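Q: below is the sequence, then the predicted model.
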Amino acid sequence: MAKLTFTYGAMNAGKTTSMLQVAHNYESCNLTPCVFTYEGCDDKGACYCRLGISRTSNLFNKEYSFSSLDLSGISIILIDEAQFLTTKQVFDLGKIASFNDIPVMCYGLRTSWQAHVFEGSAALLGIADELREIRTICQCGKKAIMALRSAPANGQGDEDLGQDKYVSVCRKCWLNSQGE
Ligand SMILES: [Zn+2]
């Protein structure tokens, strides 16, 4: 049985870079990766990482049905911004791993800048075969696990992810920023 994997980390930890490397590795072996990113993060249909690499990607939104995806010829499914998956989409991806024997690797944040666990991340933490963490560091030198908004944003929602406006911090620095 193929695995459903969730790789999580704070912003700028290198999740997209890591995912693009996996896609490249598959292609080097003449295998076909199927790459998705969230429509709300990029409407041009590409994944971009901080190191300047990008690739054309399929887009998913909350209504997208992974169960209707044509799986012929696909060796692996790679999902960036997986925190924005719905619970149903995570279960559909789990079915693909279990019944179609195609590995699914999801990459995303655990929590929003408000420290809310994203729906997709909660489902993945619950049913993924394997959890992996990509680490990055806080300004204080500890492991960063949360996001802090460093500049005013337009919206108040968890999906307001203009990523330049955020820094990755440890819990202590996050709590200090909240005045707690
Ligand atoms: Zn810190």
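A: Structure's in. What do you need?
Q: every contact and neighbour count from this point should use C-alpha atoms.
A: Fine.
Q: just for this structure, where's the confidence low?
A: 42-45, 49-51, 151-164, 180 (pLDDT under 70).
Q: quickly list what the most centrally placed residue in the chain is bridged to.
A: Of all residues in the chain, the one closest to the mean position by C-alpha atoms, centre = their mean is Gly108, 2.2 Å from it. Residues in a beta bridge with Gly108, per DSSP bridges, are Tyr8.
Q: for it, what are its contacts?
A: Contact analysis of Gly108 by C-alpha atoms under 8 Å, 6 or more residues apart in numbering lists Phe6, Thr7, Tyr8, Gly9, Lys15, Asp80, Glu81, Ala82, Gln83, Ser121.
Q: and the two most separated of those residues?
A: Lys15 and Ser121 (13.9 Å; C-alpha to C-alpha).
Q: and the strands in this protein?
A: Taking DSSP state E, the strands of the chain run over residues 4-8, 33-38, 46-48, 54-56, 58-60, 76-79, 104-108, 130-133, 146-149, 166-169.
Q: from the contacts of Gly108, keep the buried residues only.
A: Phe6, Thr7, Tyr8, Gly9, Lys15, Asp80, Glu81, Ala82, Gln83, Ser121 (16 or more other C-alpha atoms under 10 Å).
Q: OK, contacts around the closest residue to the last one other than its chain neighbours?
A: In this case it means Ser121. Excluding the flanking residues, the one nearest Ser121 by C-alpha to C-alpha, 6 or more residues apart in numbering is Gln83, at 4.8 Å. Shown in contact with Gln83 (C-alpha under 8 Å, 6+ apart): Tyr107, Gly108, Leu109, Arg110, Phe118, Glu119, Gly120, Ser121.
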